[in-house]
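[1] I need the structure of the sequence given here:
(one chain, ligands or ions: 1)
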Amino acid sequence: MDYPNRFDVIVIGGGHAGTEAALAAARMGCQTLLLTHNIETLGQMSCNPAIGGIGKSHLVKEIDALGGAMALATDQGGIQFRVLNARKGPAVRATRAQADRVRYKAAIRAMLESQPNLTLFQQGVDDLIVDGDTVRGAITQTGIRFHGETVVLCTGTFLGGVMHIGLDNHAGGRAGDPPANALAQRLRALPFRVDRLKTGTPPRLDAKSIDFANLEEQPGDSPTPVMSYLGSRNDHPRQVSCHIAHTNERTHEIILANLDRSPMYSGVIEGVGPRYCPSIEDKVHRFADKTSHQIFIEPEGLDTFELYPNGISTSLPFDIQLRVVRSIAGLENAHITRPGYAIEYDFFDPRDLKHSLETKFIHNLFFAGQINGTTGYEEAGAQGLLAGLNAARRARGEQSWCPRRDEAYLGVLVDDLITLGTQEPYRMFTSRAEYRLLLREDNADLRLTQSGRRLGLVDDARWAAFETKREAIERESARLSDTWIQPQSAEAQRLAAKLPKPLSREYNLLELLRRPELGYADLADLKGEPVDDEAVAEQVQIRAKYQGYIERQQGEIDKLKRHEATPLPADLDYQRVEGLSNEIRQKLSAARPETLAQAGRISGVTPAAVSILLIHLKKRR
Ligand code: FAD
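    Numbers count the residues shown, from 1 in each chain. From the prediction side, this is the model:
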């Protein structure tokens, strides 16, 4: 049958990409349909119930700055929060939360169900309605035809999914869920480049069988960090600790002696796995000189005894999994509640996408999430939001929107994917961003909320909170620069203990804040009324302390933009350009671009490489 209502945007798949895509399109006022296998699994975390971490929290905060759901759900479901790299510079600081998977999922579902313009429907999609080179809708397993202007495909690990435990394997999208095979076949018939990737998950453990006295306790941070710009500690449920265990030489012996029973090493799995989240058999094999690896024993929730042993993802057979686990101090009597497994699935070459995440070959069809070769909830959610908003704009006949690499990690993520493609599951790191001092997790709202408001993604409440914060930052910065401390004053004497030598002249508070020995807390109540909003104080401090570096980075961006038309000499010997990788030298030698802008568009030539070329040209003159 044909479903009687027509939609502006149809989203297929209710995982992290699909839920952000559907919410974004609906927030923008488009009639949106979210079609998914099972409404009970909306927002389900297939693997570790944790959100954020290095590079990833930057994406979560950007999703939040654009009005998305992930950070808000994390604040409602988070049971342990930490700031990683807290002692390093603000560019690489990252918030990570262990979540209660049931509470997180419930928070996402509540947001979906209360979102105006959004319709949910539970059923697998087997086919797309394609008219020439334009998508027109989707057809479910029972033959219901849903018609729409645009379709966003967010099917995760489900396309042609095959799960492996040891040498046994069976079809599945993840444990307990069916694969999407009919849709996978249909997509393979369209002109996209398709390949296989794999990922894995560890066995889960019963906390009642663990000897916690033999593990190191790792409590969350105090005061508890918050994920969303609108979040508050009061949203958090009860907080709990994680624990740390270690593999040992015995563990490694068991693994090495049984590698022939691992589907990866026996050649059963062909797909490439995530380099930065390898299985324990991979780690033991690749880093043979290491005698121990750390394992974080993380709770799956407040109302369950199940634990997630982060660091021993495996697809070894169950009997070996049990021996591996029980070889670890503290886990000698561990009971495995669910075996670990690996999953192989189809992904599509992201070089066949535009910056908007629309496919190049089928108009109005967008791909987001793991289907594009990424791994991780945060990478999926960020792409989902972008694809959803661009599908909505397309449905309304508007130009697409994508942030640049110097505006957002979301821009870096999409640009990397569509220009470089990926040979292994792609995850975000701060090192992927060349302008990371500008792209901090603390300022995602200041970078993006204004755009989000213009795009129709940001509601009145978020906008009002943002404006209040922005004004407070300006006001406080102005107050600090207008407040002067005289060298002989009582205030100067209070500061003297913290400074290598007493003040020799009059300073304003902003100048003093730039000094490495002093923080906002040292200066706040020295004179005048300080702000009592931590986020405002943090922003004022970071701006003051890093102003020079931030200005220099902004200068580089402006310079690159100005020099895009700079010609590259036809006889330029790229082998002699210092600082370029061999791969980039080869690509440039083969392509011989005429301008810097053209060089930057060659797949694999990074903006950092363009910057090196610019410096080289200047030296040649
Ligand atoms: P998913 O979260 O997979 O959601 C896909 C959704 O689409 C599901 O709701 C599904 O039911 C629905 N769907 C699929 N096909 C159809 C269809 N035809 N019709 C209707 N609905 C459909 N990430 C990490 O960062 N680190 C890890 O170590 C890690 N390990 C993982 C281990 C396993 C075993 C799995 C399965 C995933 C792992 N991940 C890991 C990946 C992480 O789960 C994904 O990156 C993330 O969930 C991707 O989000 P997504 O929205 O693209 O897809």
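[2] so who does the residue of the stretch 151-300 of the chain found nearest the ligand touch?
    Each residue of the stretch 151-300 of the chain has a distance to the ligand, by CB to the nearest ligand atom, and the smallest belongs to G156, at 2.0 Å. Where C-beta positions appear, they are placed from N, C-alpha and C, glycine not excepted. With contacts taken as CB atoms under 8 Å, 6 or more residues apart in numbering, G156 has the following neighbours: G13, G15, A17, S46, G173, R174, Y345, G369, Q370, I371, A380.
[3] make it 6 Å
    G156 is in contact with G15, G369, Q370, counting by CB atoms under 6 Å, 6 or more residues apart in numbering.
[4] Three-state assignment for it, please.
    Reducing the assignment at G156 to three states with DSSP: H, G, I helix; E, B strand; the rest coil gives coil.
[5] for the stretch 151-300 of the chain, what are the low-confidence residue spans?
    Within the stretch 151-300 of the chain, the set of residues satisfying pLDDT under 70 comprises 274-276.
[6] close to the ligand: what parts of it are there?
    In this structure, the stretch 151-300 of the chain approaches the ligand at residues 154-158, 173-174, 177, 180, 183, 199-201, 277, judged by CB under 6 Å from any ligand atom.
[7] what two of the residues you listed have the greatest distance between them?
    Of all pairs drawn from those, the greatest distance, 26.2 Å, lies between L183 and C277 (CB to CB).
[8] neighbour count for these two, which is higher?
    Between L183 and C277, counted using other CB atoms under 10 Å, the more crowded position is L183 (25 against 19).
[9] roughly how far does the more buried one sit from D211?
    Using CB to CB, to the nearest Å, one obtains 46 Å as the distance from L183 to D211.
[10] same question, W463
    From W463 across to D211, the span is 51 Å (CB to CB).
[11] elements contacting whatever helix or strand E467 lives in?
    Using DSSP states H and E, E467 falls within helix 460-482. The criterion is 3 or more CB pairs under 6 Å, 6 or more residues apart in numbering; DSSP states H and E, and the helices and strands that helix 460-482 contacts are helix 444-455, helix 509-513, helix 534-562.
[12] so for it, what gets flagged as buried?
    By neighbour count with 16 or more other CB atoms under 10 Å, helix 460-482 contains the buried residues R462, F466, K469, R470, A472, I473, E476, S477, R479, L480.
[13] how about stretch 346-354?
    Counting neighbours by 16+ other CB under 10 Å, one finds that the buried residues in stretch 346-354 are D346, F347, F348, D349, P350, D352, L353.
[14] surely Y549 is in contact with L437?
    Yes. The pair Y549 and L437 qualifies as a contact (CB atoms under 6 Å) at a distance of 5.4 Å.
[15] looking at the two, which one has more neighbours?
    When neighbours are counted by other CB under 10 Å, Y549 and L437 differ, and L437 comes out ahead with 18 against 13.
[16] distance to A91 and neighbour count for the contacts of G156 - can I get that in JSON lines?
    Formatted as JSON lines, the contacts of G156 follow (distance: CB to CB, whole Å; neighbours: other CB atoms under 10 Å):
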{"residue": "G15", "distance to A91": "29", "neighbour count": "32"}
{"residue": "G369", "distance to A91": "26", "neighbour count": "32"}
{"residue": "Q370", "distance to A91": "27", "neighbour count": "30"}
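[17] which residues does I312 contact?
    Under the criterion of CB under 6 Å, 6+ apart, the neighbours of I312 are P202, I280, I295.
[18] now do the SS call for it.
    For I312, the secondary structure call by three-state DSSP comes out as coil.
[19] what's the spacing between it and G340?
    As for I312, its distance to G340 is 7 Å (criterion: CB to CB).
[20] who touches both of those two?
    Applying CB under 6 Å, 6+ apart, one finds that I312 and G340 are jointly contacted by P202.
[21] hmm, back to that, now, the contacts of G156 that are in helices?
    In this view, the contacts of G156 have no member that belongs to helices under DSSP state H.
[22] ok, which of these also contact the ligand?
    Of the entries in the contacts of G156, those that also sit close to the ligand under the rule CB under 6 Å from any ligand atom are G15, G369, Q370.
[23] ok, and the closest non-adjacent residue to the last one?
    The one in question is Q370. Ranked by CB to CB, 6 or more residues apart in numbering and with sequence neighbours excluded, the top spatial neighbour of Q370 is G156, at 4.5 Å.
[24] likewise for the second one?
    Among residues not flanking G369 along the chain, A17 sits closest, at 2.9 Å (CB to CB, 6+ apart).
[25] wait, E217 sits on V240?
    No. Here E217 lies out of contact with V240, judged by CB under 6 Å, at a distance of 10.3 Å.
[26] one step back: so the helix holding E467 versus helix 444-455, what angle?
    Per axes from the mean of the first three to the mean of the last three CA atoms, to 10 degrees, the angle that helix 460-482 makes with helix 444-455 is 140 degrees.
[27] ok and helix 460-482 relative to helix 534-562, angle-wise?
    Orientation of helix 460-482 against helix 534-562 (the same axes, to 10 degrees) gives an angle of 90 degrees.
[28] related to what we said a few turns ago, how about the contacts of I312 in JSON lines, adding distance to T150 and secondary structure?
    JSON lines is the format used below for those (distance: CB to CB, whole Å; DSSP: H, G, I helix; E, B strand; the rest coil):
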{"residue": "P202", "distance to T150": "38", "secondary structure": "coil"}
{"residue": "I280", "distance to T150": "42", "secondary structure": "helix"}
{"residue": "I295", "distance to T150": "44", "secondary structure": "strand"}
